[in-house]
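Enquirer: I would like the atomic coordinates for the input below:
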Amino acid sequence: MTSIRALQQRAKIEPQEFWAEAAEGIHWDQPWQQVLDDRAAPLYRWFDGAMINTCYNAVDRHVEAGFGDQVAIHYDSPVTDTAYAITYAELQAQVARLAGALRAQGVEKSDRVVIYMPMVPETVYAMLACARLGAIHSVVFGGFAAAELATRIDDACPKLVLSASCGIEPSGVVPYKPLLDNALELAQHPVERCLILQRPQCSAVLHEGRDLDWHQAQHGVEPADCVPVAATDPLYILYTSGTTGTPKGVVRDNGGHAVALHWSMKAIYDIDPGDTFWAASDVGWVVGHSYIVYGPLLARATTVLYEGKPVGTPDPGAFWRVIEQYQVKSFFTAPTAIRAIKREDPNTEYLQRYDISTLKALYLAGERCDPDTLNWAMDTLKVPVVDHWWQTETGWAICANPLGIEPLPIKAGSPSLAVPGYQVEVLDEEGNPMAAGQSGAIAIRLPLPPGTLPTLWGNDQRYIDSYLSRYPGYYLTGDAGYQDEEGYLYIMSRIDDIINVAGHRLSTGRFEEVLAQHPAVAEVAVIGVADKLKGQVPLGLVVLKSGVELGEDELYQQLIALVRKEIGPVAAFKLVSVINKLPKTRSGKILRGTMRKMADNQDYVVPATIEDPAALDLVHNTLVRLGYGKGRVTG
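Expert: Numbering: from 1, shown residues only. You can find the predicted model right below:
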């Protein structure tokens, strides 16, 4: 077996040969002229001159190879009590017909299409139909606020919007159509046509002359064939929040994306053709793009499309039921989902109801995974738990334990080693490499591997300014951490989550790691707040597990003592409070930056991605009680 370190070295020294071999797993309509085009560095391009169609690689070639009867998608929706399987042949027919309908509305190669939909199979059909035509899709998380949707419409300038009448949350039906109508009124870019999927839970009023019924639009249309596009042409745009408040449109190309995701399915997730892979995310996020839709289908695996939650749909056994029912081999979710299950089912009573023996590994990403959560999952599930690290911008893992290449020893708190193709370094303020164990800014030496962002939509300069200018020759990840003597990386926080306590630079992630060790704590967030004497001091907010019987004063003393023991008196940790719920995005990331602004009496905007705005009110009330964030009105 080739070792991971040998592959790292080969990808570093011979990147063109390494990725040319990986590209053999993909069908090309025309071969490339060069694997890596560095003529416009630092704007690199992969597989220059090649022609490809991503939809063909994800669907049609499997049908042509005789695997049309294999299940491509298991759709499971506990919120609507619906479940059914879709074979590769059925997927091909649905996608080709929808692509024909899009073409009938004037959509052609390079046109943009905004997709604003829930977790239903039609959303996957829409993404693949765009790819089939060579059109560029931009999926916006269903239920996003109208103003946020409008900014994305104005940036992408779509010819068409695909939407649905509603989404379904545990709290009830979320009508999408009024939000879409409002967004189209706010947007400067005119959208002449919308296709609307009517769901039985909520019927939408169609705008005469603009809106078409999803199914009626497909009547009598000619199914569309796959259109070859340049490997360097965009496949999709996915917007991520920008520091200026203007969304950044991360671009994903066709060729490098297909090669990287196909390679990663075996190398990282140990998935072979025919295996079942489940990423419990949403297609509105990068995880959904990469590992609900494209990655599994490119690898001819079976993917699970789940419209539900880890708890509450109907109980903390929901994930285990899906794993048993569809014989999931590798499972991918966020640490916050595991913490939610742990909080609701600390004694694993629901888990014991299901046979999850097909599960070979659990993968965690989306936020830093504290050691306590990782260890609990390993002890509970009895399988390797892989904490791996990546970003919307990279599209796939930067660091991971590559179970399909060489399983590595697991170190709680670390996403293991850099994946072949990524050269990860920890740098000081001047760009000098830091010694093992010393914290700094985490950067990746250019060029980034295939599948990562080549630029931002319509704005090369913003891409350079945002990611490439701080350390010339490097991509700045925005994360801070350190590497140990063996090269294992430890992500401690975002760069702006380093706090300075009386001249000592401390990571809020380290505080969270320590507090999470307490047996009563289910979740924790630590932020730095302004202090006249020390500059900043840490403030901890903890969510308790169900059934905890411990006085708050006693708990606080135990938590303060724990931090003093593990980090030391230098931590000056004295501010801690219990809270019922932490404010998070819908993808599970805790809104530390927003809470920090709130605590320091700075203007803040409630993020469009927030899952429950009421959670911010809980934080505000807690901060006021502790003497922070008094009377500040949101900006």
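Enquirer: Endpoint to endpoint, stretch 492-506 covers what distance?
Expert: Taking Cα to Cα, to the nearest Å, stretch 492-506 runs 10 Å from one end to the other.
Enquirer: next one: stretch 99-114
Expert: Stretch 99-114 has its terminal residues 14 Å apart, counting by Cα to Cα.
Enquirer: buried sites along it?
Expert: Counting neighbours by 16 or more other Cβ atoms under 10 Å, one finds that the buried residues in stretch 99-114 are 99-103, 105, 107, 111-114. Where you see a C-beta, it was placed from the backbone N, CA and C, and this is true even at glycine.
Enquirer: start to end distance for stretch 343-350?
Expert: End to end - Cα to Cα - stretch 343-350 spans 12 Å.
Enquirer: Show me how this protein divides into domains.
Expert: The chain breaks down into these structural domains: 4-308+388-422, 502-626 (assignment by automatic domain parsing).
Enquirer: Tell me which of these is the most buried.
Expert: For the domains of the chain, the largest average neighbour count (mean count of other Cβ atoms under 10 Å) is found in domain 4-308+388-422, namely a mean of 21.
Enquirer: That one: how far from the chain's middle?
Expert: Using Cα atoms, centre = their mean, to the nearest Å, we find the averaged C-alpha position of domain 4-308+388-422 to lie 12 Å away from the chain's own average C-alpha position.
Enquirer: So what's the model's average confidence on that domain?
Expert: What domain 4-308+388-422 shows for mean pLDDT is 96.
Enquirer: give me the number of residues near the residue nearest to R445 when sequence neighbours are not counted?
Expert: Using Cβ to Cβ, 6 or more residues apart in numbering and skipping the chain neighbours, the partner closest in space to R445 is Q423 (3.9 Å). Per other Cβ atoms under 10 Å, the neighbour tally for Q423 reads 19.
Enquirer: Touching the helix or strand I442 falls within from outside, list them.
Expert: In the assignment (DSSP states H and E), I442 maps to strand 440-445. With contact meaning Cβ atoms under 8 Å, 6 or more residues apart in numbering, strand 440-445 is reached by 398, 422-429, 434, 470-471, 473-477, 479-482, 489, 491, 495.
Enquirer: ends of stretch 75-88, how far apart?
Expert: Stretch 75-88 has its terminal residues 13 Å apart, counting by Cα to Cα.
Enquirer: who touches it?
Expert: Judged by Cβ under 8 Å, 6+ apart, the contacts made with stretch 75-88 from elsewhere in the structure are 59, 62-63, 67-74, 94, 119-121, 168-170, 201, 300, 304-308, 313-314, 318, 322, 325-326.
Enquirer: ok, now stretch 573-585?
Expert: In this structure, residues lying in contact with stretch 573-585 by Cβ under 8 Å, 6+ apart are 336, 511, 515, 523, 525, 529, 537-544, 552, 555-556, 559-560, 563-564, 567, 590-591, 594-595, 607, 609-616, 618-619, 622, 625-626.
Enquirer: next one: it to chain centre, how far?
Expert: Averaged over its C-alpha atoms, stretch 573-585 has a centre that lies 24 Å from its chain's centre (Cα atoms, centre = their mean).
Enquirer: again with stretch 292-312
Expert: For stretch 292-312, the distance to the chain centre is 13 Å (Cα atoms, centre = their mean).
Enquirer: measure it end to end?
Expert: Its start and end residues considered, stretch 292-312 measures 22 Å (Cα to Cα).
Enquirer: again with stretch 29-42
Expert: The first and last residues of stretch 29-42 sit 28 Å apart, counting by Cα to Cα.
Enquirer: same check, this time on stretch 355-368
Expert: By Cα to Cα, the extent of stretch 355-368 from end to end equals 29 Å.
Enquirer: Tell me the buried residues in it?
Expert: For stretch 355-368, by 16+ other Cβ under 10 Å, it's 356, 359-368.
Enquirer: burial count for T455?
Expert: By other Cβ under 10 Å, the residues close to T455 number 21.
Enquirer: these two touch, right, it and Y463?
Expert: Yes - here T455 reaches Y463: they are 4.6 Å apart, a contact under Cβ atoms under 8 Å.
Enquirer: where do the contact lists of these two overlap?
Expert: Common neighbours of T455 and Y463 (Cβ under 8 Å, 6+ apart) are L43.
Enquirer: Now do the helix or strand G593 falls within: distance to the chain's middle.
Expert: G593 belongs to helix 592-599 when assigned by DSSP H and E. On the basis of Cα atoms, centre = their mean, helix 592-599 sits 22 Å off its chain's mean C-alpha point.
Enquirer: what's that helix packed up against?
Expert: strand 521-531, helix 614-626 (3 or more Cβ pairs under 8 Å, 6 or more residues apart in numbering; DSSP states H and E).
Enquirer: for the record, mean pLDDT for it?
Expert: For helix 592-599, mean pLDDT is 85.
Enquirer: do stretch 485-493 as well
Expert: 91.
Enquirer: what does it contact?
Expert: In this structure, residues lying in contact with stretch 485-493 by Cβ under 8 Å, 6+ apart are 368, 389, 399, 411, 413-418, 424, 426, 436-437, 439, 442, 479-484, 498, 507-510.
Enquirer: tell me the secondary structure for L36?
Expert: Put simply, L36 is strand when judged by DSSP: H, G, I helix; E, B strand; the rest coil.
Enquirer: One more: Y294?
Expert: helix.
Enquirer: my guess is it meets C55, correct?
Expert: No - with the criterion set as Cβ under 8 Å, Y294 and C55 do not qualify as a contacting pair; they are 9.7 Å apart.
Enquirer: Please, which helix or strand holds the residue lying farthest from the centre of the chain?
Expert: In the chain, counting by Cα atoms, centre = their mean, L533 sits farthest out from the average C-alpha position, at 39.0 Å. Element membership of L533 [criterion: DSSP H and E] is none; it lies in no helix or strand.
Enquirer: swap in the one 5 residues further on?
Expert: Secondary-structure assignment from DSSP H and E places P538 in strand 535-544.
Enquirer: where along the stretch 401-550 of the chain do the strands fall?
Expert: Per DSSP state E, counting those that start in this stretch, the stretch 401-550 of the chain has strands spanning 417-418, 424-427, 440-445, 474-483, 489-494, 498-501, 504-507, 521-531, 535-544. These are given in chain order.
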